[in-house]
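>>> show me how the following folds:
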Amino acid sequence: KKQGPLWTEHFAQLEAVGFEWALKHGPASRHPSWQQRFEELCEYKEANGHCRVPKKYDKNKQLGYWVPVMRRYHKEPDKKQDPVWKK
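The predicted structure follows:
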């Protein structure tokens, strides 16, 4: 399909802000923070020898929140439409 110069400019603007033309599947690809939290969990395990991050983990409150959310989604995978999945 032939695109005019206006569309070419629009496409370039979208690409400049990181727009993805083809969406990948899986939580890590749709939610960059998932990969970040996973890496933080790996660091936590390295330091503590386990993955039982407290819900009120002062050093990383987001990780303390993320771990039980992942457990909940493992237990009830159909809940992934919950807005919390998008954080």
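>>> only C-alpha atoms, please: export the host helix or strand of L14 in PDB.
Per DSSP states H and E: L14 is located in helix 5-16. What follows is helix 5-16, C-alpha atoms only, in PDB (Å, rounded to 0.1, in the frame of the first residue of the first chain):
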ATOM      1  CA  PRO A   5       4.400  12.100   2.500                       C
ATOM      2  CA  LEU A   6       2.000  13.100   5.300                       C
ATOM      3  CA  TRP A   7       1.700   9.500   6.500                       C
ATOM      4  CA  THR A   8       5.400   9.100   6.300                       C
ATOM      5  CA  GLU A   9       5.900  12.000   8.600                       C
ATOM      6  CA  HIS A  10       3.200  10.700  11.000                       C
ATOM      7  CA  PHE A  11       4.900   7.300  11.100                       C
ATOM      8  CA  ALA A  12       8.300   8.900  11.800                       C
ATOM      9  CA  GLN A  13       6.800  10.800  14.700                       C
ATOM     10  CA  LEU A  14       5.200   7.700  16.100                       C
ATOM     11  CA  GLU A  15       8.500   5.800  15.800                       C
ATOM     12  CA  ALA A  16      10.400   8.700  17.500                       C
END
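>>> check contacts around C51.
41, 44-45, 67 (C-beta atoms under 8 Å, 6 or more residues apart in numbering). Any C-beta I mention is one placed from the backbone N, CA and C, and that applies to glycine too.
>>> now the biggest helix by length in the chain: buried residues?
Secondary structure of the chain read by DSSP state H shows that its longest helix is helix 32-48. Across helix 32-48, burial judged by 16 or more other C-beta atoms under 10 Å covers 34, 37, 40-41, 44.
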